[in-house]
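In: Have a look at this prediction, sequence included:
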Amino acid sequence: MQINKSAEDYLETMLILKEKNGYTRSVDIAEHLGVTKPSVSYATKNLRENGYITMASDGLITLTDKGMEIATKIYERHKMLTDFFISIGVDPDIAQEDACKIEHDLNPETFEALCRHAGTK
């Protein structure tokens, strides 16, 4: 299951917004990611065509099982890395930023080792 960083960010954002608001809309994705609505349109079209999301006629977006699997993995990494960085004294805003930068590229073995070290696995 190979997907690019940008698509992972979109899927993660959709999950976050669903948890926060109970629904996911394109306009909220654009605001959350700081991108334009046309960028969201392009991304959601690709995600829909590849089976990661569905879009209802009212514009609400739903993650498919395939999309949810990726979104959950990235979001769990993001939360764990943020918490770990904060626990070692990094400012919470910086911890959040840095977690976002590395959550996609971190080797699974390294992530598992960090989880063990932090006592989360």
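Out: Alright, I've got the coordinates.
In: To what extent is I102 buried, counted in neighbours?
Out: Residues lying near I102 (other Cβ atoms under 10 Å) number 14. C-beta coordinates here come from the backbone N, C-alpha and C atoms, glycine included.
In: Quick check: mean pLDDT of the strand or helix carrying E31?
Out: Assigned by DSSP states H and E, E31 belongs to helix 26-33. Confidence for helix 26-33, expressed as mean pLDDT, is 95.
In: State the distance from the residue most central in space within the chain to I88.
Out: Taking Cα atoms, centre = their mean, the centroid of the chain lies closest to E12, which sits 2.0 Å from it. Look at E12 and I88: by Cβ to Cβ, to the nearest Å, they are 23 Å apart.
In: again, but for K45
Out: Between K45 and I88 the distance is 40 Å, computed by Cβ to Cβ.
In: pull the helix or strand with minimum mean pLDDT from this protein.
Out: helix 108-118 (a mean of 89; mean pLDDT, DSSP states H and E).
In: quick one: contacts of it?
Out: 77, 80-81, 83-84, 87, 106, 121 (Cβ atoms under 8 Å, 6 or more residues apart in numbering).
In: Could you check how far D98 is from E109?
Out: D98 sits 20 Å away from E109, taking Cβ to Cβ as the criterion.
In: higher neighbour count, the two?
Out: Each of D98 and E109 has its neighbours counted (other Cβ under 10 Å); D98 has more, 15 against 8.
In: The more buried one is in contact with V90, isn't it?
Out: Yes - counting by Cβ atoms under 8 Å, V90 is a contact partner of D98 at 7.1 Å.
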